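Participant: Fold the following.
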Amino acid sequence: MAAVTKKYKIASEAVDREKQYRVDEACALVKKIASAKFDESVELHVRLGVDPRQANQMVRGIATLPHGTGKEVRVLVLTTPDKEAEAREAGADHVGLDDYIAKINGGWTDIDVIICSPDVMPKVGRLGRVLGPRGLMPNPKSGTVTPNVGQAVLEVKAGKIDFKVDKTGIIHVSVGKVSFTPEQLTENATEMLQTLHKLKPQGSKGIYFKSITMASTMGPGVKVEKSSVPGI
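Facilitator: Residues are numbered from 1 along each chain as shown. Next up is the predicted model:
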């Protein structure tokens with residue numbers, strides 16, 4: 001633990017806490033100071049000027065990152081037999097219906113995304129108490145309830161992510177890995193922030209982007225200058 005603390009201290013000293021870095025500078029710095037022995041995720045933490053308790057200030061949506069997240073996404077497709085081949089050909093890791101519903105009811109949630117066709121939602125809806133708290137419940141707004149299950153699998157595998165503001169008004173989302181180039185991280189972060197900008201709710205008054213911070217899994221936060229991001 002002492003070694004980790006020492007590495008974190010060294011990394012922290014490389015960051016000017018008073019400075020807001022251009023988005024490309026922040027991406028390069030986060031990558032440079034990452035020191036873990038594994039390929040850390042690079043995350044954006046965006047504090048928004050919204051009150052998520054108000055229905056007209058909820059921020060939720062989807063973004064397709066140009067370079068994906070670098071994470072191997074495990075996808076389960078719950079659908080009828082006539083759609084199973086389509087889901088498998090698209091790259092779904094698990095495909096079925098009743099057998100997987102039984103497994104989930106038994107506590108199995110070893111997946112990252114669940115996609116289902118609309119005709120099975122009456123059965124899937126009963127899994128809300130298990131899937132809801134884990135953020136795994138399929139939702140038409142996020143494109144995970146669709147008759148085109150194969151296309152949905154392809155999009156998720158290619159880097160489509162679903163995000164939602166938490167109860168404190170912050171969006172936490174991965175925009176890549178430390179192994180990405182600074183340019184890839186910059187393009188992913190820019191796409192994510194532009195998507196958030198487009199989703200600004202009408203009920204949000206005053207400053208929308210209160211703060212933008214980027215960090216690797218084990219690294220210190222680096223503040224990002226909003227005006228350095230095109231289109232926001």
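
Participant: which residues touch the one helix or strand residue 191 maps to?
Facilitator: For residue 191, the enclosing helix or strand under DSSP states H and E is helix 182-198. Counting by Cβ atoms under 8 Å, 6 or more residues apart in numbering, helix 182-198 makes contact with 23-24, 26-28, 30-31, 42, 44, 46, 48, 59, 61-67, 69, 171, 173, 175-176, 180, 208-209, 212, 214, 224, 229-232, all of which sit outside it. Quick note: C-beta positions are derived from backbone N, CA and C, even for glycine.

Participant: so who does the residue nearest the centre of the chain touch?
Facilitator: With the centre of the chain defined as its mean C-alpha position, the nearest residue by Cα atoms, centre = their mean is residue 173, 4.1 Å away. With contacts defined as Cβ under 8 Å, 6+ apart, residue 173 is in contact with 43-44, 46, 63, 161, 163, 192.

Participant: From the chain's centroid, how far away is the helix or strand where it lies?
Facilitator: Assessed by DSSP H and E, residue 173 sits inside strand 170-177. When C-alpha coordinates are averaged (Cα atoms, centre = their mean, to the nearest Å), strand 170-177 and its chain have centres 5 Å apart.

Participant: same deal with stretch 44-57?
Facilitator: If you compare the mean C-alpha spot of stretch 44-57 with that of the full chain, they lie 16 Å apart, counting by Cα atoms, centre = their mean.

Participant: what pLDDT, on average, does that stretch get?
Facilitator: Taken as a whole, stretch 44-57 has an average pLDDT of 95.

Participant: now do stretch 154-169
Facilitator: Across stretch 154-169, pLDDT averages out at 92.

Participant: Could you list the buried residues of that stretch?
Facilitator: Of all the residues in stretch 154-169, those buried under the rule 16 or more other Cβ atoms under 10 Å are 154-157, 159-165, 169.

Participant: can you check stretch 216-232 too?
Facilitator: Of the residues in stretch 216-232, those scored as buried under the neighbour-count criterion (16+ other Cβ under 10 Å) are 216, 218-224, 226, 228-229, 232.

Participant: Next SSE downstream of the helix or strand bottoming out on mean pLDDT in the chain?
Facilitator: Sorted by mean pLDDT, DSSP states H and E, the helices and strands of the chain end with helix 2-13, the least confident at a mean of 75. Counting by DSSP H and E, the next helix or strand C-terminal to helix 2-13 is helix 23-33.

Participant: Can I get that following helix in PDB, CA atoms only?
Facilitator: As requested, C-alpha coordinates have been extracted for helix 23-33 and formatted as PDB (Å, rounded to 0.1, in the frame of the first residue of the first chain):
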ATOM      1  CA  VAL A  23      -8.900  18.700 -23.000                       C
ATOM      2  CA  ASP A  24      -6.000  17.400 -25.100                       C
ATOM      3  CA  GLU A  25      -3.400  18.400 -22.400                       C
ATOM      4  CA  ALA A  26      -5.500  16.700 -19.800                       C
ATOM      5  CA  CYS A  27      -5.700  13.500 -21.800                       C
ATOM      6  CA  ALA A  28      -1.900  13.500 -22.400                       C
ATOM      7  CA  LEU A  29      -1.200  14.200 -18.700                       C
ATOM      8  CA  VAL A  30      -3.600  11.500 -17.400                       C
ATOM      9  CA  LYS A  31      -1.900   9.000 -19.600                       C
ATOM     10  CA  LYS A  32       1.600  10.200 -18.700                       C
ATOM     11  CA  ILE A  33       1.200  10.000 -14.900                       C
END
